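K.L.:
Need a 3D model of the sequence below.
(2 chains)
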Number of protein chains: 2
Amino acid sequence: MSTIITSPINVLAISGGIGGAKLALGLDRILAEDKLAVLCNTGDDFEHLGLHISPDVDTVMYTLAGIANPETGWGREGETWSFMRSLEALGGETWFQLGDKDLAIHVERTRRLRHGEALTSIVADFALRLGVQARLLPMSDQPVRTMVKTDEGTLPFQRYFVERRCVPSVQGFSFDGVDEAHPPDGLTQLLQSNHLEAIIICPSNPFVSIDPILAVPGMREALSASPVPVVAVSPIIGGKAVKGPTAKMMIELGMPTTSKAVAEHYHGLLSGFVLDESDADQVKSFDLPCLVTPTLMNSEADKRRLASEVLDFARDLAT
Amino acid sequence: MSTIITSPINVLAISGGIGGAKLALGLDRILAEDKLAVLCNTGDDFEHLGLHISPDVDTVMYTLAGIANPETGWGREGETWSFMRSLEALGGETWFQLGDKDLAIHVERTRRLRHGEALTSIVADFALRLGVQARLLPMSDQPVRTMVKTDEGTLPFQRYFVERRCVPSVQGFSFDGVDEAHPPDGLTQLLQSNHLEAIIICPSNPFVSIDPILAVPGMREALSASPVPVVAVSPIIGGKAVKGPTAKMMIELGMPTTSKAVAEHYHGLLSGFVLDESDADQVKSFDLPCLVTPTLMNSEADKRRLASEVLDFARDLAT
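P.N.:
Residues are numbered from 1 along each chain as shown, chains lettered A, B, ... in the order given. The predicted structure follows:
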């Protein structure tokens, strides 16, 4: 499979899992076919049961393919659980839930990786087969593993996130293997293309979804060098994260749980920032152009509307 | 997990998959707990989708655990197929069917093998967890792969058996890796134990179920050196195999499709032979003690009755 971007991409979204995938879905549904690329976090990838699991890539892929589980945000709709029950009876590890349908992507990805195929190529093929229009780009073909420094010691991300349910207090993060990683083939070309209009940082966790992507050597520079606006959408609404440990992490790291703090975290990278209407009073403290709008995305209509507003905002910034 | 035989085994059954598992079930159900060991073929093991599949070991294990699919003879009862459907949508190979429940044993076995655990140990643990009373012994911890020489070239067993549905004409067999294989830990001890009463070769395919076991260096000698009777049950009834390609192979190899030919195939190893009542007229041509009895096993009662008769026959031969 070729991983070269063959049609002109207008928008690059940068995304983690659930929250990011919502905005990616909105962008996908309002853009013409083949106009969106989504650069996905692989820092929370891990080996489990001998299988290569890529939670964020899969969440974005399933979401855009319209086969994601709408209740959990991860995994597949109409899932069955025969494998997990059977595994439990055999004494296997069950702290990480793998549905029967979902399992196919892990088994087949692992098989193809072992045969020497690049993750980027495998993901492109799966996305095509699942009917995803957008180009999904894992942040790197080299393994990068987010490690969470906590008061219980340093934990691999999924042990912290799933097994320990984000209970340990966070002290910092590191990205094992990142020094040997580089951005996926085609990304530099995409960022330099004069078809590109905007780079959107989705409302994902800044520390464990977006930072691993930005930590890939050359990634931040390549994004900064792009002439198009870089707009981030805040994952914080009214001092809280919609889902996940973002706010808890900010508190533990000694940061205010504000959209302003998120924007400052992305210091130097942003052309504009999108924050929820409930945080409108923070706007005056920003030295960046801001869009204030409802950012909570429940329905697909919410996702399309926010995507549309964010794109219009980015286009305005470009002029 | 220890693989040492800790309690006195009375009977060693030697078995392939479906047909052998039926008699093994009968033996298991009439013997007291921990009195049966089943030495299982691993010549049809193979790597598929990056997973280590052990079809015959699993068939015997599922059968003795009472969770086998009664319709197919392989796989698990009440199986679901979400994984296969999902794999197909991703472009994965679907010629070998893996149910969602069944998949757990392949994933977990593969994981443990990759961690360096011996197959014997893994199988012992799985059997314990699934409530199997008998001791299941894979024929070797070293990989042996049955290769089928056919008029279409040499095919790995599962490609011949499942993918090509036994259509190619058979010219012979070889067992890749067998020179480096040796019998499982504990087997020699079991064969020399004065608790052992009988060795039963189940009505499995002689060429691809029993021969791979006998081909393990030292196996045939160890069985021959045991002072107890070795009794084989014919897989041929009225010139036909109950299931599978045994009779077709015999024809292609230029052998008569008779129980007599099966007995001759095991030349030098047997103390007695069990053949179906429909083949009673062959008995006069045998130079071995024979038991003539109905050997078709449909119900569990059939399996228990045949097992009981075969054991009585073997015990008679010992006196």
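K.L.:
List the buried residues for stretch A:39-47?
P.N.:
For stretch A:39-47, burial by neighbour count (16 or more other Cβ atoms under 10 Å in any protein chain shown) applies to A:39-46. Just so you know, the C-beta spots here come from the backbone N, C-alpha and C atoms, and that holds for glycine as well.
K.L.:
Output these as CSV; include the columns secondary structure and pLDDT.
P.N.:
Shown next, in CSV, are the buried residues of stretch A:39-47 (DSSP: H, G, I helix; E, B strand; the rest coil; pLDDT from 0 to 100):
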residue, secondary structure, pLDDT
A:Leu39, strand, 98
A:Cys40, strand, 98
A:Asn41, coil, 98
A:Thr42, coil, 98
A:Gly43, coil, 97
A:Asp44, coil, 96
A:Asp45, coil, 96
A:Phe46, strand, 95
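K.L.:
Counting residues, name the longest helix you see in chain A.
P.N.:
Longest helix in chain A, counting residues (DSSP state H): helix A:300-318.
K.L.:
Pick out the residue of the stretch 151-300 of chain A closest to chain B.
P.N.:
Across the stretch 151-300 of chain A, the shortest distance to chain B (Cβ to the nearest Cβ) belongs to A:Gln158, at 16.0 Å.
K.L.:
so what's that residue up against?
P.N.:
A:44, A:46, A:48, A:53, A:55, A:96 (Cβ atoms under 8 Å, 6 or more residues apart in numbering or on different chains).
K.L.:
With distance to B:Arg305 as new columns, can those residues be given to me in TSV?
P.N.:
What follows is the contacts of A:Gln158, written out as TSV (distance: Cβ to Cβ, whole Å):
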residue	distance to B:Arg305
A:Asp44	58
A:Phe46	53
A:His48	47
A:Ile53	50
A:Pro55	54
A:Phe96	47
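K.L.:
Return the member of the residues you listed nearest to A:Glu221.
P.N.:
Among the contacts of A:Gln158, A:Asp44 lies closest to A:Glu221 (Cβ to Cβ), at 23.5 Å.
K.L.:
nearest residue to the closest one other than its sequence neighbours?
P.N.:
Spatial nearest neighbour of A:Asp44, excluding adjacent residues (Cβ to Cβ, 6 or more residues apart in numbering or on different chains): A:Phe157 at 4.7 Å.
K.L.:
in chain A, which segments are predicted with low confidence?
P.N.:
A:1-7 (pLDDT under 70).
K.L.:
where along it do the strands fall?
P.N.:
A:11-15, A:36-40, A:46-48, A:51-53, A:135-138, A:145-150, A:153-156, A:170-176, A:198-201, A:230-233, A:236-237, A:240-241, A:272-275, A:290-292 (DSSP state E).
K.L.:
Quick one: the helices in the stretch 101-250 of chain A, in order.
P.N.:
For the stretch 101-250 of chain A, applying DSSP state H, counting those that start in this stretch gives helices covering A:119-129, A:157-158, A:187-192, A:211-215, A:219-225, A:246-252.
K.L.:
Who are the packing partners of the last one?
P.N.:
With contacts defined as 3 or more Cβ pairs under 8 Å, 6 or more residues apart in numbering or on different chains; DSSP states H and E, the packing partners of helix A:246-252 are strand A:170-176, strand A:236-237, strand A:240-241.
K.L.:
what comes into contact with the second one?
P.N.:
Spelled out, it's strand A:236-237. So strand A:236-237 is in contact with A:246-247, A:250, A:257-259, A:261-262, A:275-276, A:278-279, A:295-296, going by Cβ under 8 Å, 6+ apart.
K.L.:
hmm, 10 Å instead?
P.N.:
Contacts to strand A:236-237, defined as Cβ atoms under 10 Å, 6 or more residues apart in numbering or on different chains, come from residues A:203, A:206, A:242, A:246-247, A:250, A:256-263, A:275-279, A:282, A:294-296.
K.L.:
What pairs with that strand, parallel or antiparallel?
P.N.:
strand A:240-241 (antiparallel) (DSSP bridges).
K.L.:
Return the distance of the partner strand from the chain's centre.
P.N.:
Strand A:240-241 sits 17 Å away from the centroid of its parent chain (Cα atoms, centre = their mean, to the nearest Å).
K.L.:
Stretch A:95-112 now?
P.N.:
19 Å.
K.L.:
just to revisit the earlier point, nearest to A:His182, of the contacts of A:Gln158?
P.N.:
Nearest to A:His182 among those, with distances taken as Cβ to Cβ, is A:Asp44, at 19.0 Å.
K.L.:
and the closest one, what is it in contact with?
P.N.:
A:16-17, A:53-57, A:59, A:144-146, A:156-158, A:160-162, A:205, A:208-209, A:212.
K.L.:
redo that, cut-off 8 Å
P.N.:
So A:Asp44 contacts A:16-17, A:55-56, A:146, A:157-158, A:161, A:208-209, A:212 (Cβ under 8 Å, 6+ apart).
K.L.:
Likewise for A:Pro138?
P.N.:
A:40, A:42, A:54, A:57, A:119-120, A:123, A:184.
K.L.:
who wins for most neighbours among those?
P.N.:
When neighbours are counted by other Cβ atoms under 10 Å in any protein chain shown, A:Cys40 leads these with 33 neighbours.
K.L.:
is it true that A:Pro294 touches A:Glu277?
P.N.:
Yes: A:Pro294 is in contact with A:Glu277 according to Cβ atoms under 8 Å; the separation is 5.5 Å.
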